[in-house]
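S.K.: Everything below, folded, please.
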Amino acid sequence: MFIYFIMLVQSLIASGTHIVAKVVVRDIEPVTLTMIRSGIAALGLCVLGYLRREKFHYKREHIKSILFLSFLVIPVNQFLFLTAIKYTTPTNAALFYSTTPAVVIVMSTIMGKEKLQLMRGMGIMIAFIGVSLIIFEKGIDFSSEYMIGNMLLVVAVLAWAYYTVQGRSLVLEYGAFSISISTMVIGTLMFIPIGVIGMAQYDYSVLTIGHWGGLLYLALGTSIVAYLIWYYALSRTTASKVAIFSNLQPVLTTILAWGLIGQQITAVFIIGGIIVICGIVITQYS
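M.R.: Model (predicted):
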């Protein structure tokens with residue numbers, strides 16, 4: 001029972017990320033926010049790595065892969081997520097990221113890492129239909145704020161899924177903790193040329209205790225605490241049983257968004273969300 005309790009906690013933290021990011025990005029533009037968030041998280045993970053006496057010795061042939069994964073995780077995934085959340089809703093972000101398992105399966109199949117079963121294919125198609133309903137809720141209008149944010153979310157999710165697929169072999173060889181620290185730190189260093197400009201120009205006097213609390217939540221709560229709970233759970237039960245908890249995020253984020261920031265939930269979103277969750281569940285259990 002304990003494992004299910006802590007996974008619920010992990011799901012709550014992950015779901016809250018979309019709400020907190022939406023609030024913080026109103027006053028801190030995405031470039032600066034990405035730089036501060038990733039910097040704090042990288043520093044925190046370095047401290048944990050030092051305490052664990054983690055070793056970072058990689059084979060020469062894996063260096064390019066690690067560098068590419070680092071680029072995907074910070075300059076692409078995290079930056080695009082924080083940019084997207086500025087132009088879309090927290091519930092949309094949660095729903096899009098809940099499709100990651102299905103996207104991973106598609107990529108793994110295309111790359112020849114696993115075979116696509118009929119039920120999995122059906123689940124993926126159902127999830128895609130649900131996401132399409134939400135993306136084009138107001139029609140095909142490229143001037144729509146939601147449209148811009150949703151399309152950026154698509155790219156961010158694709159980057160995260162590719163990071164997951166390509167990183168699996170490295171994780172199996174070197175360990176999840178080692179690869180996560182390396183990609184987080186290197187990705188942060190890659191983002192510095194862009195991020196440092198935003199940080200230098202930003203007026204920090206406007207930040208309140210609430211802003212700093214949000215930054216710490218995104219950096220420590222999401223990137224470190226939720227991460228540690230996730231891998232603790234993986235050490236205690238199967239990956240499929242852990243992954244299924246990601247399906248709770250759209251539901252929990254919707255409830256939090258409605259209760260905390262008064263976001264209106266449309267009928268199209270509810271229908272699309274139900275379709276996506278059904279598709280993901282079919283994919284998970286196939």
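S.K.: What is the one helix or strand Ile197 maps to packed up against?
M.R.: For Ile197, the element it lies in under DSSP states H and E is helix 176-201. With contacts taken as 3 or more Cβ pairs under 8 Å, 6 or more residues apart in numbering; DSSP states H and E, helix 176-201 sits against helix 30-51, helix 63-71, helix 145-174, helix 227-234. To be clear about C-beta, it is placed using only N, CA and C from the backbone, and glycine gets the same treatment.
S.K.: Now do that helix, average pLDDT.
M.R.: Averaging pLDDT along helix 176-201 yields 89.
S.K.: immediately after that helix, which helix or strand?
M.R.: Once the chain leaves helix 176-201, the next helix or strand it forms, by DSSP H and E, is helix 209-216.
S.K.: close enough to count as contact, Gly149 and Phe96?
M.R.: No. Using Cβ atoms under 8 Å, Gly149 makes no contact with Phe96, being 9.7 Å away.
S.K.: Give me the more crowded residue out of those two.
M.R.: Taking neighbours as other Cβ atoms under 10 Å, Gly149 and Phe96 compare with Phe96 leading, 26 against 21.
S.K.: wait, what's in contact with the more buried one?
M.R.: Listed by Cβ atoms under 8 Å, 6 or more residues apart in numbering, the contact partners of Phe96 are Val131, Asn150, Leu153, Val154, Ala156, Val157.
S.K.: State the pair within the residues you listed that is farthest apart.
M.R.: Using Cβ to Cβ, the two most remote members of those are Val131 and Ala156, lying 13.2 Å apart.
S.K.: Below-threshold pLDDT in the stretch 101-250 of the chain: ranges please.
M.R.: Scanning the stretch 101-250 of the chain for pLDDT under 70 picks out 113-114, 116, 135-145, 230-231, 234-248.
S.K.: mind redoing it with 90?
M.R.: 101-151, 157, 160-181, 184, 196-208, 210-211, 221-250 (pLDDT under 90).
S.K.: Apart from its chain neighbours, what residue comes closest to Ile224?
M.R.: Closest residue to Ile224 apart from its sequence neighbours, by Cβ to Cβ, 6 or more residues apart in numbering: Gly44 at 5.1 Å.
S.K.: next one: Glu54
M.R.: In space, Glu54 is closest to Ser178, 5.7 Å off (Cβ to Cβ, 6+ apart).
S.K.: Would you check how far apart the one you found and Leu45 are?
M.R.: Look at Ser178 and Leu45: by Cβ to Cβ, to the nearest Å, they are 10 Å apart.
S.K.: Which one of the two is surrounded by more residues?
M.R.: Using other Cβ under 10 Å, the more surrounded residue of Ser178 and Leu45 is Leu45, with 24 against 19.
S.K.: ok, now which ones touch the more buried one?
M.R.: Applying Cβ under 8 Å, 6+ apart to Leu45 gives the contacts Ser180, Ile181, Met184, Val185, Ser223, Ile224.
S.K.: make it 10 Å
M.R.: Shown in contact with Leu45 (Cβ atoms under 10 Å, 6 or more residues apart in numbering): 54, 177, 180-185, 188, 219, 223-224, 227-228.
S.K.: Can you select the buried ones from those in PyMOL?
M.R.: Buried subset of those, written as a PyMOL selection, criterion 16 or more other Cβ atoms under 10 Å:
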select buried, resi 54+177+180+181+182+183+184+185+188+219+223+224+227
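S.K.: picking up where we left off before, wait, the residue nearest to Ile224 sits on Ala219?
M.R.: Yes. With contact defined as Cβ atoms under 10 Å, Gly44 reaches Ala219; the gap is 6.9 Å.
S.K.: Relative to His211, how far out is the residue in the chain sticking out farthest from the centre?
M.R.: If you look at how far each residue of the chain sits from its centre, by Cα atoms, centre = their mean, the farthest one is Ser205, at 29.4 Å. Look at Ser205 and His211: by Cβ to Cβ, they are 11 Å apart.
S.K.: Measure how the helix or strand where Ser108 lies sits relative to helix 145-174, angle-wise.
M.R.: Take DSSP H and E as the rule and Ser108 turns out to sit in helix 100-110. With axes from the mean of the first three to the mean of the last three Cα atoms, to 10 degrees as the basis, helix 100-110 and helix 145-174 are set at 60 degrees to each other.
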